[in-house]
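Colleague: structure for this input, please:
(one chain, ligands or ions: 1)
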Amino acid sequence: MKSEMYSTHAEQYDLAVQDNLYNAHFERPNLQAMLDNLTGKNVLDLGCGSGVYAQFLLDSGAAEVTCIDASQAMIDIVSRKFSDRVTAYAQDLSQGVPQEASDSKDVIICPLMLHYIEDLTSLFNDAYRVLKSGGYMVFSTHHPFSDFDYSTSGDYFQRESVIDLWNTVGEPVEVHFFRRSLAELLGAVTQSGMLISHVSEGIVGEKIKMLSPETYQSMRRQPPFIFVKCQKM
Ligand SMILES: C[S@@+](CC[C@H](N)C(=O)[O-])C[C@H]1O[C@@H](n2cnc3c(N)ncnc32)[C@H](O)[C@@H]1O
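Modeller: Now for the predicted structure:
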């Protein structure tokens, strides 16, 4: 699902996520805490955005980093920042990753992208295919319980296309995404053959309390994201 947030506003998005509450101080520390030592690893970053994770992966000693995103504007930013230190290309991930070789990656990360994909089956089947045996995937996505606030059907188990206005880039921008049940999300993982080894609803750090006591209280009552680690055995 294409969004103006990630095409027209790609440069502003890149600036915003460097040091904001939800991405920099909540999502990234929690997802990164689920990764093992990345030294020498071959890593695939799905929905890479403007490359904040690519920087982290390179700094962590990853041997090869491949970044994929639907937005050419995001890929242009990644290519500008990292040149040939990463491989980056545009591709709609709802079709999986057909350009990636089977059994080629040690680690796949997929931060905050899955809620833009209606049917997760192809993506998880392909994640399983490209992971080496013993490799793993870590993803974060909107928490199904929090997203139920957006439901217009009132039926938690019905997948729904949702529209919200976000102020991430300093002005309200319409964002379209899908909300789905926890069982649908986790079922997409397990049907691929991967085993779920760790689920987290995130720790809300003291930095958030300092920067915004209201957001801290709200995140502690209602987790905005869920974090999942799954393994190819
Ligand atoms: C919330 S941003 C997260 C970016 C990055 N992972 C991060 O944490 O900074 C979501 C990203 O998913 C990308 N995206 C949305 N739908 C996609 C799709 N169908 N295929 C590939 N990427 C998609 C957007 O272009 C955007 O860059």
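Colleague: drop to CA atoms for contacts and neighbour counts, all remaining ones
Modeller: OK.
Colleague: hey, where'd the helices end up in the protein?
Modeller: Under the criterion DSSP state H, helices of the chain are mapped to 10-17, 28-32, 52-59, 72-82, 121-130, 144-147, 182-191, 206-211, 213-221.
Colleague: bridged to the residue most central in space within the chain, which residues?
Modeller: Residue closest to the mean C-alpha point of the chain, counted by Cα atoms, centre = their mean, is residue 111 at 1.7 Å. For residue 111, the beta-bridge partners are residue 140 (DSSP bridges).
Colleague: check contacts around it.
Modeller: 31, 46, 47, 48, 138, 139, 140, 141 (Cα atoms under 8 Å, 6 or more residues apart in numbering).
Colleague: rewinding a little: could the helices of the chain go into CSV alongside mean pLDDT and distance to the ligand?
Modeller: Conversion of those to CSV gives the following (pLDDT from 0 to 100; distance: least, Cα to the nearest ligand atom, whole Å):
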stretch, mean pLDDT, distance to the ligand
helix 10-17, 97, 7
helix 28-32, 98, 7
helix 52-59, 98, 6
helix 72-82, 98, 6
helix 121-130, 98, 10
helix 144-147, 97, 15
helix 182-191, 98, 16
helix 206-211, 97, 18
helix 213-221, 98, 17
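Colleague: stretch 209-218: end-to-end distance?
Modeller: Across stretch 209-218, the terminal residues are separated by 10 Å (Cα to Cα, to the nearest Å).
Colleague: and stretch 10-29, by the same measure?
Modeller: Stretch 10-29 has its terminal residues 22 Å apart, counting by Cα to Cα.
Colleague: that one: how far from the chain's middle?
Modeller: In terms of Cα atoms, centre = their mean, to the nearest Å, the centre of stretch 10-29 is found 12 Å from the chain centre.
Colleague: again with stretch 138-155
Modeller: Stretch 138-155 sits 15 Å away from the centroid of its parent chain (Cα atoms, centre = their mean).
Colleague: got it, and stretch 203-212?
Modeller: Here stretch 203-212 shows a centroid-to-chain-centroid distance of 21 Å under the convention Cα atoms, centre = their mean.
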